[in-house]
Structure formats: C-alpha cells, structure tokens
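Provided below for reference: sequence and predicted model.
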Amino acid sequence: MALDKPTKHAITDDVYLYTIRNPGPPISFTYEIECCKFNNLQFKMDFQGSENFELQSGGLILEATVPPFKRTKVGTLELKDATQGANLKNTYSWDLQEPDPAAVSHVMIEVRTISFSVSFICSHHTHHISPQHIASQKNQSKAKISRELERAKKLNFGDDSATKEEIEKRCSTNKVQFLDPDFPPVDNGLYTKDPKSGSAISDGKPICWRRPTEFMPNGEFDVFQGGIEPNDIRQGALADCWFLCALSSLAEFPELVMNLFEENCRTVSESGVYKLKLCKNGQWQTVTVDDFFPCFPGAGPAYSRGHGNELWVLLLEKVSERSERALMKTRILATTKLNIILNFLARSPPP
C-alpha cells in the first residue's frame, strides 16, 4: 500500500522534521530530519510511554546525528499487534553543534565551479575565510559561468525550436553539457533583484546549482521511476505547498503528467536536455530546460523533489519557474504560477 504524504514540521529555524505514515500492514511511522544549516544536529526522539509500538531497531528511543544540508532518515516506529489497542506518545530534543569547518571548506571548494550565494559564508568570519579569498572565488565562478553562457549562445542553445536530438548532437560534437541560456545557473535565477544595483538579493541561505549526477545517490536516477503517484512529491525548504498540492492533483492522472514530457524526454538525457509542454496564456508551448537544480552545498535539492531518484517533479517546477524567469518572482506572483498549474490540470497537451 502507498505511503501517505510526508508531514513537515519546523522544530527550529531551518530544521525540519518529516513524518511519513505507512498504512501497512504493519502500520508504521518513518521519521526524517532535514538540517538546512552548516551545523551538525544531534537529535533525540523518545517514545517511552507508548503502548503497542516499537522501533524497528528495537526499544523506544531514537538518537541520530544529522549532517548539514541533508535530509536523513532517523528511524521507523511500528505497530506491534494490529488486533490490540495502541497509544502513541513522543517527545524530541535537539542540539545544534558549532558550524562544521569541513562543511564550510566543502562549500568553498564547490564555489570554484558553481555560482552560489556567498553572503552566508561572509557572515561566518570566524572560520578565517578572508574577504579577498571570497571575492577571488566569486570572480572565478562568475567568469566560468560567463564562458559557459557565451558558449551556449554560440551553439544556439536558446532556440526552443531545435529538437532534442539536434541539441544533443551539438553537445556531443563540442563535448559540452546543455546549459539553458535563458535560465542560467546564477544567483539572479534564485533571488529577486536590487532595484538600484540590479544584483541578486540573497535570503541568507547558501544555495548552489547542481546536476543530478552530482547529488543523486551513486549517480543513478531517471525521469520516472515506478510510476507516477501524488506521494512522489516532497516539499523542501521553499514554502510552495500550494504549488505541490496542485501538482499532486495532476499526479492523480499519470497520463496527464506523462503527456507534459516529449516522448523522447521521458528518460535520462546524458547531455542534460529536456523538452516539456507548458500551457501559457491558453497556448501550448514547448520549453527546453537543462538539468541544473538549486541544491544545498554538497547535498541534494533545496526545494521540491521526487520521492525517489526521479526528476519529473524537479523538471516540472523548473519549467514553471523558467516561464517567470526567477524563483523569487514566482514566489511573489503566486497566482500566476497557480494559473499555470491549473492550465496543466485543465486539459491534456496536444500529442
């Protein structure tokens, strides 16, 4: 039987507890913790006083160390005897340890290759990262992205009329991965712009752009895995439950979700190019996107994601974001984004 949708509870700033109920048999509850900080988190969950429940690992106390920017399973509680009454009680406690120097160091390495918000690191000056070093790494990152964008434009990657095969052939010939020049992996794609300077205004959380080969376990993933179900969809740090609810409604009709992907884009593209159909202003359009997604440094997606190692949720969200040009803009113009999803629901795109 399918698992229920995870419920999400903020136990403190940027730390979330997820509870996933499995209707069984046997009935069980799986608990996951996500720490969206540089800190390691010591977490304890105590079920003493519960009746007819036991942890899969034995006993009634869960203890775990949760690493920074990871969503970690801490344990599963099971109903022992379905024929007997049960009573569930729990308390939890946590301790945020000092920011992990290794995690900070990892981010500083990652910034050499990807553009991300450095304002968070700047605020943690106790790690003796000089402003000059940060400025140097940021400039290197900007230069690299600028070169890749220039190359993408020369290869005409912004032409949505090109077929997937044509784009992949250009990638193979030039030994590059596809990059969407209209929605590049830069800060301006994540945050709103300062009206005076035009630069991105960070919300203080370290976000970088990563490809699935960098964050999927063992680099193994697909566009769809094991069918399409509403409980495939998981919410992340972004408060867009209204969007995910609409997407969950669409997922009640798997063929409608499948039809939003061009037939040859329903499996992994080694070049990172995907074509999806978007209904905008009453007209169906084909939109081409790359497979860069906003992630926590050294970890997985910061926003919504699939239940397993699948991309369809991330790709659909990215298509809607691209249509509005920036994530922050779509957060503000929620009704615009909701209208897009309702258009998804209204009818199936043309074959």
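Nice, I can see it.

residues contacting the closest residue to Asn264 other than its chain neighbours?
In space, and not counting its chain neighbours, Asn264 is closest to Lys164: 5.5 Å by C-beta to C-beta, 6 or more residues apart in numbering. Backbone N, C-alpha and C define where each C-beta goes, glycine included. Applying C-beta atoms under 8 Å, 6 or more residues apart in numbering, we find Lys164 in contact with Glu262, Asn264, Cys265, Ser269, Val273, Tyr274, Lys275, Thr288.

again, only this time at 6 Å
Asn264, Val273, Lys275 (C-beta atoms under 6 Å, 6 or more residues apart in numbering).

Leaving out chain neighbours, which residue sits closest to the second one?
Sequence neighbours aside, Phe178 is the residue nearest to Val273 in space, at 4.0 Å (criterion: C-beta to C-beta, 6+ apart).

Could you report the pLDDT at the one you found?
With respect to pLDDT, Phe178 scores 95.

what about it, how many residues close to it?
Residues near Phe178, counting by other C-beta atoms under 10 Å, number 23.

helix, strand or coil for it?
With DSSP: H, G, I helix; E, B strand; the rest coil as the basis, Phe178 sits in coil.

Please, which helix or strand holds Leu149?
For Leu149, the host element (DSSP states H and E) is helix 131-154.

Quick check: next helix or strand after that helix?
helix 164-174.

can you pick the most crowded of the contacts of Lys164?
Neighbour tally across those (other C-beta under 10 Å): the maximum, 25 neighbours, falls on Val273.

Return the helix or strand in the protein with minimum mean pLDDT.
Lowest mean confidence among the helices and strands of the chain (mean pLDDT, DSSP states H and E): helix 119-123, at a mean of 34.

give me the low-pLDDT residue ranges for this protein?
When residues are selected by pLDDT under 70, those of the chain lie in 1-5, 99-142, 187-206, 237-240, 281, 324-351.

which residue ranges form the strands in it?
Taking DSSP state E as the criterion, the chain carries its strands at 7-12, 15-22, 28-35, 39-46, 53-55, 61-66, 70-79, 91-99, 208-210, 233-234, 274-280, 283-289, 293-295, 305-306.

show me the contacts for the residue nearest the centre of the chain.
Centroid-nearest residue in the chain, with C-alpha atoms, centre = their mean: Pro301, separated by 2.7 Å. In this structure, Pro301 makes contact with Phe293, Cys295, judged by C-beta under 6 Å, 6+ apart.

which residues sit against stretch 209-220?
Residues external to stretch 209-220 that are found in contact with it (C-beta under 6 Å, 6+ apart): Ile114, Pro185, Phe221, Asp291, Phe292, Cys295, Gly300, Asn309.

Which of those fall in helices?
Of the contacts of stretch 209-220, none are assigned to helices by DSSP state H.

from those, which single one is nearest Asp95?
Nearest to Asp95 among the contacts of stretch 209-220, counting by C-beta to C-beta, is Gly300 at 23.9 Å.

what's the neighbour count on the closest one?
Counted with other C-beta under 10 Å, residues neighbouring Gly300 total 20.

same check, this time on Pro217
By other C-beta under 10 Å, the residues close to Pro217 number 9.

cool, and Tyr303?
24.

Ok, Gln48 next?
A count of neighbours around Gln48, defined by other C-beta under 10 Å, yields 10.

Now do the same contact list for it.
Contacts of Gln48 by C-beta under 6 Å, 6+ apart are Leu60.

now the helices for the stretch 251-351 of the chain?
254-259, 312-324, 327-332, 334-346 (DSSP state H, counting those that start in this stretch).

From the recorded domain assignment, give the ranges for this structure.
7-98, 156-346 (automatic domain parsing).

Check those for me and report the most buried one.
Compared across the domains of the chain, domain 156-346 shows the largest average neighbour count, a mean of 18 (mean count of other C-beta atoms under 10 Å).

Please tell me how far it is from the chain's geometric centre.
Distance, stretch centre to chain centre, for domain 156-346: 9 Å (C-alpha atoms, centre = their mean, to the nearest Å).

now stretch 7-14
Per C-alpha atoms, centre = their mean, the displacement of stretch 7-14 from the mean C-alpha position of its chain is 17 Å.

contact partners of it?
Stretch 7-14 is contacted from outside by Tyr16, Leu17, Tyr18, Thr19, Cys36, Lys37, Gln235, using C-beta under 6 Å, 6+ apart.

quick one: contacts for the fourth one?
Contact analysis of Thr19 by C-beta under 6 Å, 6+ apart lists Thr7, Phe29, Tyr31.

now those residues as JSON lines including distance to Glu148?
JSON lines is the format used below for those (distance: C-beta to C-beta, whole Å):
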{"residue": "Thr7", "distance to Glu148": "40"}
{"residue": "Phe29", "distance to Glu148": "45"}
{"residue": "Tyr31", "distance to Glu148": "41"}
